[in-house]
Each structure stands twice: as structure tokens, then as C-alpha cells.
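[1] please find the sequence and the predicted model below.
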Amino acid sequence: MNTTCRVTPWNTFGNTAFGVDIDGDATTIGAGAGGLLLHFPYQTRAYGEFADPQGLNAHLISLEGWLGYGSDGNSLPIRLPSQIVFPNNYGLSVPITSEQLADLDAVRGTDPLYLSILLAGTARVPVSRAREEAATNEYGVLTSAEFPGEVQSVRMQGGTPVTLTISRERWLTILNNSGPRRYRLIELPLPVGNAIVGLLPILEQAIVLLRRGEWRDAIAKARQVVEGVLVETADRWNVPRPTDGHVKWCEGLGRRLENAWPDDSTSGLLFGRLLASAWSWTSVEHHYSPSIVSKRSEAEFAIGLASDLLLLAGELLDAHPQASNADKGS
């Protein structure tokens with residue numbers, strides 16, 4: 001869906017204005033000279049008393065602006081540097097950091113991303129009528145034409161920020177292409193009434209910590225997800241907690257579910273083994289011990305295991321909503 005940013009002259013040169021149409025779902029990301037660049041393709045159009053469809057008279061010269069997010073549309077912390085408007089409207093390039101991407105994703109949750117954008121710039125604008133005499137205001141800006149009918153270069157401004165929407169699918173593609181660290185992205189379509197849906201915010205926190213480079217904290221959050229899945233599923237399917245600890249609990253759960261679900265025995269076995277693997281990988285003993293695997297890779301794998309486990313648990317809870325006789329398995 002296109003978003004139109006309207007920019008008008010700072011002064012009173014006629015009523016010529018410009019619309020900058022940006023398609024949020026055409027947004028891309030790539031590497032720039034100093035880091036990451038978000039790229040917003042756009043089209044421009046002039047309208048008003050002396051608008052020229054061919055742009056021979058009224059046309060934009062440059063654009064700049066600000067981007068924001070969250071509920072406060074007047075808070076626009078991301079700067080769009082001034083850049084030339086090329087004849088083919090190449091697009092707006094916006095420098096952005098990995099931390100800013102993580103913050104945007106945290107605000108988004110699992111919804112589309114809603115950005116606030118405000119544009120300004122410079123343009124060549126024809127004077128619509130004769131003025132009395134050339135004059136400038138206290139800022140030195142020309143407010144009257146020197147000659148009637150001439151084309152002046154003037155500053156342009158936007159009125160208020162407008163909302164630019166980037167769909168969930170496009171945003172996930174942007175994050176996936178955000179650089180050499182390709183983070184695993186988790187979007188789990190769990191039913192609202194599912195008992196484990198409350199674990200999703202914890203998983204989202206783990207992803208944000210991962211993108212910020214806080215590897216140990218990300219693993220700790222993934223561990224909370226694994227523990228939550230174990231408790232919720234064991235309670236739902238009547239798998240009692242053994243006296244010899246959680247490790248035996250994980251190891252025995254798959255076998256018990258395999259016996260309890262004769263028509264779906266493979267799913268129970270897979271769930272038990274995935275749970276045991278995730279439990280082992282996110283354990284304190286594992287990620288605090290010496291390892292040839294980097295902490296970044298350990299955190300990425302931990303979150304990957306936790307997300308797969310959460311997704312599989314959600315599917316199985318829907319397929320087997322009633323308490324089973326797993327407590328009788330052996």
C-alpha cells in the first residue's frame with residue numbers, strides 16, 4: 001500500500017506542491033559505505049496551479065527527512081540524509097544500525113511494521129503571479145519573486161508525519177537480508193487460546209538480545225522457553241515429573257507420548273527428542289563450559305531449537321487437546 005508524503009514551499013510561491021508516493025512493501029536493505037541502508041523506492045508528482053506533468057518547470061531537486069516508530073509519531077529518531085532526486089527516482093536511502101533494526105522489530109511484535117515519516121527538501125517552483133518587490137524574511141529566505149513568472153529554487157516542507165506500513169512478510173525479508181549475521185527469524189502462528197502462547201514474548205526477547213550481541217542472555221531466554229514448553233505440555237498430557245530431575249523427565253516424555261498416541265507415535269518421539277536436545281543445549285553446564293563453537297553460534301542454535309520446539313508443541317497441543325494416558329506409558 002502506497003503512502004503519500006506531501007511537501008509544500010516554505011514561503012508563498014503560488015500553490016504548487018509535490019506528492020512523494022512510497023510503497024512500503026517495496027522496501028529493501030543492503031550494505032552501504034558505512035553500514036546498512038534501508039532503501040525506499042518512490043514516485044513523485046507535482047500538483048497545483050502551475051504543476052507540469054513533464055516536470056520541466058515544477059520538480060523536486062532533493063529530499064531529506066526523518067523516520068520514527070511507536071505510538072509517538074512526533075518522535076523521529078532516524079535521520080534521512082539529504083539526497084538528490086534523480087530523473088528515474090532511484091529511491092530514498094536511509095542509514096540504519098543493527099540496534100535500530102532490533103528496536104523496530106521489538107516494537108512491531110508479530111504485526112506489520114508501522115513507521116512515521118516526515119519529508120522536506122528543495123524544489124524548482126514556478127511563481128504563479130506577480131509580486132510587489134523581492135524580499136526575504138528574517139531567516140534570509142526569499143519570499144517574493146524578483147520577476148513575475150520566473151522559476152525559483154525554494155525549500156519544501158512536510159506538514160505532519162504520515163504512516164508508512166511495511167508488511168510482516170516484507171519486514172522479515174529485510175531482517176533476513178540485513179547483513180553477514182543472518183539471524184533466524186521466528187514468527188509462530190500459535191492459536192490465541194493455546195497454553196504456550198504466553199512463551200512467545202520470551203522468545204521475542206531472546207531474538208532481540210541475539211541481534212544486540214548479548215549471547216549469554218539470549219541463551220538464558222531460550223532456556224526459559226524450553227522450560228515453559230516442558231511444564232505446559234507435561235501438565236496437559238499428564239506426564240508426571242520424576243523424582244530424579246528434569247533430564248529424565250525430558251527423556252521419558254517422548255517415549256510416554258509414543259505409547260499414548262498409537263496413531264501418532266512418531267510425533268511423540270520427535271517431540272521428546274527435540275525437547276531433550278533443546279534442554280541439553282540451553283543448560284548452564286553446556287553454555288558456560290569451554291567450546292569450539294562461538295557464543296554467537298551457540299545462541300543462534302539455542303533460539304532455533306527453542307522456536308522449533310515451541311512450534312511443534314503448539315501443533316501437537318492442537319492435535320491432542322485432551323489429557324492422554326501418557327502417565328501410564330513406560
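    The structure has been received and is ready for your questions. Given the structure is predicted, the values throughout are model-derived calculations rather than measurements.
[2] tell me what the longest helix along the chain is packed against?
    Longest helix of the chain, by residue count under DSSP state H: helix 295-319. Contact partners of helix 295-319 among helices and strands, from 3 or more CB pairs under 8 Å, 6 or more residues apart in numbering; DSSP states H and E: helix 200-211, helix 215-236, helix 265-281, helix 284-287. All C-beta atoms are positioned from the backbone trio N, CA, C, and that covers glycine.
[3] can you list these in a markdown table and add distance to Val94?
    Listed next are those as a markdown table, based on distance: least, CB to CB, whole Å:
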| stretch | distance to Val94 |
| --- | --- |
| helix 200-211 | 18 |
| helix 215-236 | 27 |
| helix 265-281 | 37 |
| helix 284-287 | 36 |
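[4] least confident of these, on average?
    With a mean of 65, helix 284-287 has the lowest mean pLDDT of these.
[5] which parts of the stretch 1-150 of the chain are helices?
    Per DSSP state H, counting those that start in this stretch, the stretch 1-150 of the chain carries helices over the ranges 98-108.
[6] would you map the strands across it?
    2-9, 17-23, 28-31, 36-40, 42-47, 59-69, 78-84, 92-96, 113-126 (DSSP state E, counting those that start in this stretch).
[7] got the CA positions of the third one in PDB?
    Below are the C-alpha coordinates for strand 28-31, written out as PDB (Å, rounded to 0.1, in the frame of the first residue of the first chain):
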ATOM      1  CA  THR A  28      14.800  -3.400   0.700                       C
ATOM      2  CA  ILE A  29      18.000  -3.400   2.700                       C
ATOM      3  CA  GLY A  30      21.600  -3.500   1.600                       C
ATOM      4  CA  ALA A  31      25.200  -2.700   2.500                       C
END
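[8] how about that strand: buried residues?
    Within strand 28-31, the residues that count as buried by 16 or more other CB atoms under 10 Å are Ile29.
[9] my read: Asn177 touches Leu36, true?
    No. The pair Asn177 / Leu36 is not scored as a contact, 9.6 Å apart, by CB atoms under 8 Å.
[10] who has more neighbours, these two?
    Counted by other CB atoms under 10 Å, Asn177 and Leu36 do not tie: Leu36 has more neighbours, with 19 against 13.
[11] tell me the pLDDT of Ala302.
    At Ala302, the pLDDT value in this model is 90.
[12] with Ile29 instead?
    Reported pLDDT for Ile29: 91.
[13] gap between it and Leu115?
    Distance check for Ile29 against Leu115: by CB to CB, to the nearest Å, it reads 14 Å.
[14] same deal with Val162?
    For Val162, the distance to Leu115 - CB to CB - is 9 Å.
[15] same check, this time on Pro126
    From Pro126 over to Leu115 (counting by CB to CB), the distance is 33 Å.
[16] those two - which one has more neighbours?
    Per other CB under 10 Å, whichever of Pro126 and Leu115 has more neighbours is Leu115, with 26 against 21.
[17] list the contacts of that one.
    24, 67-69, 104, 163-166 (CB atoms under 8 Å, 6 or more residues apart in numbering).
[18] separate out the buried members of these.
    Applying 16+ other CB under 10 Å to these flags 24, 67-69, 104, 164-166 as buried.
[19] just those residues now: which is nearest Ala299?
    Proximity of these to Ala299 (CB to CB) peaks at Leu104, which lies at 20.4 Å.
[20] list the contacts for the closest one?
    Counting by CB under 8 Å, 6+ apart, Leu104 has contacts 69, 113, 115.
[21] please tell me how far it sits from Gly91.
    Counting by CB to CB, the separation of Leu104 from Gly91 is 19 Å.
[22] same thing with Lys295?
    As judged by CB to CB, Lys295 and Gly91 stand 37 Å apart.
[23] got the buried residues for the host helix or strand of Lys248?
    Here Lys248, judged by DSSP states H and E, is contained in helix 246-260. For helix 246-260, the buried set under the neighbour-count rule, 16+ other CB under 10 Å, comprises 249-250, 252-260.
[24] repeat for stretch 21-28
    Across stretch 21-28, burial judged by 16+ other CB under 10 Å covers 22-24, 27.
[25] between these, which sits nearest Ala306?
    Using CB to CB, the buried residues of stretch 21-28 come closest to Ala306 at Thr27, 28.8 Å.
[26] can you pull the contacts of that closest one?
    Thr27 sits next to 38-41, 166, 170, 174 when contact means CB under 8 Å, 6+ apart.
[27] show me which of these is closest to Ile96.
    Distances from Ile96 to the contacts of Thr27, taken by CB to CB, are shortest for Leu38, at 5.2 Å.
[28] check what pLDDT that closest one gets.
    92.
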